[in-house]
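Starting from these lines, generate the structure:
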Amino acid sequence: MSAQGLVHKLSPSELLDEKCRKSIEAILPSFSIDFGHASIPEDTNLWSLLESAQTNVSQIFNLADPAGFFSKQSTLQQIVRAVFPPSELAFFAPEEHTEILSCLEESEKALLLAQAVCAIIVVFARLDDAGKEICPGLLSTELQLFTEGDQLKTLMVKLENCHIWGKCYMKTQLEDAMLDAVEAARRDNIDLPDVNLGVDAQYGIQLSETNARNMGLPCGFHIMAIN
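Sure thing, here's the model as predicted:
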């Protein structure tokens with residue numbers, strides 16, 4: 001058989017990698033690049049962008065979801081509540097919240113969206129690995145394993161330590177950063193610094209300008225040391 005006649009069949013791991021990559025590609029239109037920093041389009045809120053992202057990710061992964069859990073707003077709310085601290089949930093309110101978002105830097109809005117989308121992708125990857133029909137119990141179990149293990153911390157540290165949010169010129173930079181974070185979270189293959197990303201939460205960003213630039217983070221982000 002000629003080389004041209006050979007077709008490489010992707011392994012389950014490679015198929016999952018491809019789903020993650022396509023999911024990140026699908027969210028890129030929800031970001032904008034303004035004056036050298038990442039942002040989200042004007043007159044949009046994070047919740048509407050996140051709903052669109054979940055729809056795209058659900059279609060790409062095509063999990064066995066006969067009850068349509070991923071078409072329900074409550075499922076997305078469950079994921080967001082598991083990932084972010086109470087102090088940040090208002091940024092993802094379904095209703096219009098322009099005034100709330102106005103307190104954030106543009107790069108902070110982009111980072112919040114990236115964190116939420118990448119978390120959804122990793123959760124979907126876990127559910128894909130499980131190979132079972134989606135039900136509330138399975139989703140709750142995988143969410144708990146994701147948030148209480150190292151994966152969520154790995155994901156957040158990877159994204160927050162990336163310098164592109166305040167210095168970005170091409171959406172491919174965003175794509176690479178998010179793919180790198182998702183891959184690291186799925187494989188737990190980075191050494192995490194000893195950091196505490198919030199007192200009232202496990203992993204939330206801190207909206208403080210103190211020493212933000214000295215830490216290599218976008219203006220407005222602050223990582224606190226563990227006591």
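
Name the nearest residue to residue 21, sequence neighbours excluded.
Nearest non-adjacent residue to residue 21, counting by C-beta to C-beta, 6 or more residues apart in numbering: residue 179, 6.2 Å away. All C-beta atoms are positioned from the backbone trio N, CA, C, and that covers glycine.

which helices and strands does the helix or strand the one you found falls within pack with?
Residue 179 belongs to helix 171-187 when assigned by DSSP states H and E. In terms of contacts (3 or more C-beta pairs under 8 Å, 6 or more residues apart in numbering; DSSP states H and E), helix 171-187 is packed against helix 12-27, helix 106-130, helix 151-160.

okay, now the nearest residue to residue 178 once chain neighbours are set aside: neighbour count?
Nearest residue to residue 178, sequence neighbours excluded (C-beta to C-beta, 6+ apart): residue 24, at 4.9 Å. Using other C-beta atoms under 10 Å, the number of residues around residue 24 comes to 25.

got a list of what residue 24 touches?
117-118, 121, 175, 178-179, 182 (C-beta atoms under 8 Å, 6 or more residues apart in numbering).

Please report the distance of it from residue 138.
Separation of residue 24 from residue 138 (C-beta to C-beta, to the nearest Å): 24 Å.

and if you look at residue 145?
11 Å.

More neighbours: which of these two?
Between residue 145 and residue 138, residue 138 has the larger neighbour count (other C-beta under 10 Å), namely 16 against 13.

Can you list the low-confidence ranges for this protein?
1-8, 95-98, 188-227 (pLDDT under 70).

so how many other residues sit close to the closest residue to residue 170 other than its chain neighbours?
Distances taken as C-beta to C-beta, 6+ apart put residue 33 closest to residue 170, at 7.1 Å, once the chain neighbours are dropped. Other residues lying near residue 33 total 16 when counted by other C-beta under 10 Å.

how about residue 33, what does it touch?
39, 168-171.

just residue 121 next, same as before
Counting by C-beta under 8 Å, 6+ apart, residue 121 has contacts 20, 23-24, 57, 182.

Now residue 52. Nearest residue, chain neighbours left out?
residue 30 is the one closest to residue 52 (C-beta to C-beta, 6+ apart), at 6.7 Å.

my bad, residue 17
Spatial nearest neighbour of residue 17, chain neighbours left out: residue 183 (7.6 Å); criterion: C-beta to C-beta, 6+ apart.

Residue 80 now?
For residue 80, ignoring the flanking residues on the chain, the nearest one in space by C-beta to C-beta, 6+ apart is residue 92 at 5.1 Å.

Tell me which two in the contacts of residue 33 are the farthest apart.
Taking C-beta to C-beta, the two most distant members of these are 39 and 170; they sit 13.8 Å apart.
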